[in-house]
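Trainee: Coordinates for the following, if possible.
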Amino acid sequence: MMKRLALDVGDATIGVAISDVLGITARGLFTLKRTNYRSDIQQIMETVKGEDAGAIVVGLPINLDGTDSVQTAKVRDFATKLRNRMRSNAMADVEVILHDERFTTKIAERALIEADMSRAKRAKIIDSQAAVVILQSYLESLRLPNGRDKR
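Mentor: Model (predicted):
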């Protein structure tokens, strides 16, 4: 049993969410305003340590037809740099997992609209809420159809 961190990596921001120890629910933590790889990854590593997370789930933006896009390549590159930096900082035991994130931002936005949140408030938290949707999707993918799970 462990907490998992989720990232919704964009060009300008990274939405961050965390699961509970049991891997049942996810909640948004914050939205990181991107500056450069080094400081972005450093802040993520500090969050992993502070939250005592055992894995990082990175949303992979795959096209609807299953092909990669320019953004897919950027996210794969980010995940590789994150893995390498964690290995060099004695955090190699924290797994970095890529997870299909198709529709997550739309799902998150729909949920915020249904909660009657103003457009201005939605804009501030949409990235962390997308990370929540990514993480919840990942956690649900771990559950097996017969009621047992792989967590």
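
Trainee: Low-confidence regions, the protein specifically.
Mentor: The chain contains residues with pLDDT under 70 at 103-126, 144-151.

Trainee: ranges for the helices of it?
Mentor: 37-51, 70-87, 104-114, 119-142 (DSSP state H).

Trainee: Next, format these as JSON lines and append distance to residue 98 and mean neighbour count.
Mentor: Heads up, the C-betas are built off the backbone N, CA and C, glycines and all. Below are these laid out as JSON lines (distance: least, C-beta to C-beta, whole Å; neighbours: other C-beta atoms under 10 Å):
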{"stretch": "helix 37-51", "distance to residue 98": "15", "mean neighbour count": "15"}
{"stretch": "helix 70-87", "distance to residue 98": "6", "mean neighbour count": "16"}
{"stretch": "helix 104-114", "distance to residue 98": "13", "mean neighbour count": "16"}
{"stretch": "helix 119-142", "distance to residue 98": "10", "mean neighbour count": "20"}
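
Trainee: Of these, give the one that comes closest to residue 95.
Mentor: Checking the helices of the chain against residue 95 by C-beta to C-beta gives helix 70-87 as the closest, at 8.8 Å.

Trainee: Relative to the whole chain's centre, how far out is that closest one?
Mentor: 13 Å (C-alpha atoms, centre = their mean, to the nearest Å).

Trainee: Make CSV from the helices of the chain and add distance to residue 17 to it.
Mentor: Shown next, in CSV, are those (distance: least, C-beta to C-beta, whole Å):
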stretch, distance to residue 17
helix 37-51, 10
helix 70-87, 16
helix 104-114, 10
helix 119-142, 4
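
Trainee: Between these, which one is closest to residue 25.
Mentor: Residue 25 lies closest to helix 119-142 among the helices of the chain, at 7.5 Å (C-beta to C-beta).

Trainee: Next up, the contacts around residue 56.
Mentor: The neighbourhood of residue 56, defined by C-beta atoms under 8 Å, 6 or more residues apart in numbering, consists of 4, 5, 6, 7, 44, 48, 82, 94, 95, 96, 97.
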